[in-house]
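> Sequence isn't available, so here's the structure alone:
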Ligand code: ATP
Ligand code: MG
């Protein structure tokens, strides 16, 4: 089978080869080509030393950030190509990259240091794929298998535990049996891995099609970096709304959420505070009063531990905090919520509430799910019509209020809030003249 290498990548391989070096595409791009999927980036491995690679591409823009580890990034028509000298690597004590690398002379030695067989295939301009570990067969069979002895590979770099789960979630491949065992047995190796590296893999994992199944099969791995998950994994919920325990409910909610980071992370963490809030009434029914606020607090901590950026963290925490809020299906309430959260967050909250409902006893929540659809339609109309739902939409502003005789200072804000309140409730229209007339009476 001949694989189509696009002209940019072909040019890079050709340039190195014309200068007398070996050069191959390797890693994710070869895996994707073999799967029939378009690669999203291009990694090249070569026998050329970094300074030799730089000399080959003297006319190009070169980024040297990975130089210490043998990587030169060359830009060709705006596209970055990471060109890495054949190498083996030392341990990853904590950092994003191995502590040191050792350049080697053979392609096979370079492929042997790679994590999974499907990622250890090289493709050059001539001949078929170079595949000493049977990666192509594993891709065909949909199997994730370590290169070499699994336990040893996870001990060298604990991040590989997360990478295995990430590929399982994204590609939907089965993880091979010995690799599975080694993942469970070596999950503690994640303790030594920098939070930023775990973060990169977790984000990719959560938006994978099989994220829910991976959560179900490997709660022990996730607990390794987020011990706060432990009580949720074993939480029982004896409550008519719930047909599952805490973890299985979480898995269903993650699966039902759109495949984007924010809703998936929110569903993973939305009930994290439930165990701490559990009480059982005289009829043996469990309740979890106040759990959204506790969940939000814990989610904030957990996202900080894994060094999520503040935008993602704050959004997820807001959604977790409000995931259980009652939103009446009335225009005035919807306008208030739109004003409070802003449209983007509000529509995400509706997705979150839908996903949460999908993880509950369906017969009991199906009316509520239908109502959520109605709320969504109404909210879309409100936004499309440009209706007022926040101070910035109000037909008057602070200047107007002052001009109408309110003394500058906190009174101005109070006056505007009162006017907004009356507009939101539908009591008065959002019209400048009417609002200006009201200023005298509204305060
Ligand atoms: P993606 O599609 O996410 O880019 P990828 O397989 O290209 O997937 P990268 O993180 O870009 O993943 O890594 C490129 C290649 O480097 C991998 O295919 C693998 O061969 C090797 N690799 C990356 N990280 C590790 C690791 N921690 N241990 C061993 N090999 C690794
Ligand atoms: Mg890649």
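Received the coordinates, thanks. Computed from a predicted structure; not experimentally measured. Numbering: from 1, shown residues only. Ligands and ions are numbered 1, 2, ... in the order given.
> contacts and neighbour counts: CA atoms only from here.
OK.
> ok now do the nearest residue to residue 100 once chain neighbours are set aside, which residues does it touch?
Distance criterion CA to CA, 6 or more residues apart in numbering; nearest residue to residue 100, sequence neighbours excluded, is residue 90 at 5.2 Å. Taking CA atoms under 8 Å, 6 or more residues apart in numbering, we find residue 90 in contact with 98-102.
> If we use 7 Å, what do you get?
98-101 (CA atoms under 7 Å, 6 or more residues apart in numbering).
> What ranges does the protein have for its strands?
Assigned by DSSP state E, the chain shows strands spanning 23-26, 42-46, 61-63, 71-76, 79-85, 87-89, 101-103, 122-123, 143-144, 174-175, 279-280, 286-287.
> by contact count, what packs against the second one?
The one in question is strand 42-46. Judged by 3 or more CA pairs under 7 Å, 6 or more residues apart in numbering; DSSP states H and E, strand 42-46 is in contact with strand 23-26, strand 79-85.
> how far away is the closest residue to residue 67 other than its chain neighbours from residue 71?
Distance criterion CA to CA, 6+ apart; nearest residue to residue 67, sequence neighbours excluded, is residue 50 at 6.9 Å. Relative to residue 71, residue 50 is positioned 7 Å away (CA to CA, to the nearest Å).
> what's the answer for residue 244, then?
49 Å.
> Can you pick out the residue with more neighbours from the two?
residue 71 (23 against 19; other CA atoms under 10 Å).
> who's in contact with that one?
50, 82-85.
> what's the spacing between it and residue 102?
In terms of CA to CA, residue 71 sits 12 Å off from residue 102.
> And for residue 252?
For residue 252 relative to residue 102 (CA to CA), the value is 45 Å.
> And the pLDDT at the residue of the stretch 251-400 of the chain found nearest ligand 1?
Nearest to ligand 1 in the stretch 251-400 of the chain, going by CA to the nearest ligand atom, is residue 261, at a distance of 15.3 Å. We have a pLDDT of 98 for residue 261.
> Make sure it is actually in contact with residue 203.
Yes: between residue 261 and residue 203 there is a contact at 6.4 Å, judged by CA atoms under 7 Å.
> near ligand 1, which residues of the stretch 151-300 of the chain?
159-160 (CA under 6 Å from any ligand atom).
> Show me the helices in the stretch 151-300 of the chain, by range?
159-171, 177-185, 195-206, 211-217, 219-225, 230-233, 246-256, 261-269, 274-277, 291-305 (DSSP state H, counting those that start in this stretch).
> can you put those in a markdown table and add mean neighbour count?
Formatted as a markdown table, the helices of the stretch 151-300 of the chain follow (neighbours: other CA atoms under 10 Å):
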| stretch | mean neighbour count |
| --- | --- |
| helix 159-171 | 23 |
| helix 177-185 | 17 |
| helix 195-206 | 20 |
| helix 211-217 | 19 |
| helix 219-225 | 18 |
| helix 230-233 | 19 |
| helix 246-256 | 24 |
| helix 261-269 | 25 |
| helix 274-277 | 19 |
| helix 291-305 | 21 |
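> mind putting the ones you listed in CSV, distance to residue 379 included?
Output for the helices of the stretch 151-300 of the chain, formatted as CSV (distance: least, CA to CA, whole Å):
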stretch, distance to residue 379
helix 159-171, 33
helix 177-185, 46
helix 195-206, 28
helix 211-217, 30
helix 219-225, 36
helix 230-233, 33
helix 246-256, 21
helix 261-269, 19
helix 274-277, 30
helix 291-305, 24
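> Turn the strands of the chain into CSV, columns for mean pLDDT.
Formatted as CSV, those follow (pLDDT from 0 to 100):
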stretch, mean pLDDT
strand 23-26, 98
strand 42-46, 97
strand 61-63, 95
strand 71-76, 95
strand 79-85, 96
strand 87-89, 89
strand 101-103, 90
strand 122-123, 98
strand 143-144, 98
strand 174-175, 98
strand 279-280, 93
strand 286-287, 92
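> quick one: which of those is nearest residue 34?
strand 122-123 (10.1 Å; CA to CA).
> is the closest one anywhere near ligand 1?
No: Strand 122-123 stays clear of ligand 1 (CA under 6 Å from any ligand atom), getting no nearer than 9.5 Å.
> residue ranges with poor pLDDT in the protein?
In the prediction, the chain carries residues with pLDDT under 70 at positions 1-2, 93-97, 442-443.
> and the helix ranked longest in it, what does it pack onto?
Longest helix in the chain by number of residues, with DSSP state H as the criterion: helix 362-384. Counting contacts by 3+ CA pairs under 7 Å, 6+ apart, helix 362-384 packs against helix 343-358.
> what number of residues lie near residue 350?
A count of neighbours around residue 350, defined by other CA under 10 Å, yields 19.
> What of the one 3 residues further on?
The burial metric for residue 353, expressed as a neighbour count using other CA under 10 Å, is 25.
> Using the record's assignment, carve this protein into domains.
If you go by automatic domain parsing, the domain ranges for the chain are 7-132, 142-225, 391-442.
> and of the ones you listed, who's closest to residue 323?
Closest to residue 323 of these is domain 142-225 (CA to CA; 18.9 Å).
> And the closest one, end to end?
End-to-end span of domain 142-225 (CA to CA): 28 Å.
> would you list the helices and strands packed on strand 42-46 in TSV and tack on mean neighbour count?
TSV is the format used below for the helices and strands packed on strand 42-46 (neighbours: other CA under 10 Å):
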stretch	mean neighbour count
strand 23-26	26
strand 79-85	23
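> Quick check: which of those strands is nearest to ligand 1?
Short answer: strand 23-26, nearest of these by CA to the nearest ligand atom, at 6.8 Å.
> Pull the distance from that closest one to the chain's centre.
Remark: strand 23-26 is offset 29 Å from the chain centroid, using CA atoms, centre = their mean, to the nearest Å.
> Point out the other helices and strands that that strand packs with.
Going by 3+ CA pairs under 7 Å, 6+ apart, strand 23-26 lies up against helix 7-18, strand 42-46, strand 122-123.
> Please repeat the previous calculation with a cut-off of 10 Å.
In terms of contacts (3 or more CA pairs under 10 Å, 6 or more residues apart in numbering; DSSP states H and E), strand 23-26 is packed against helix 7-18, strand 42-46, strand 79-85, helix 107-112, strand 122-123.
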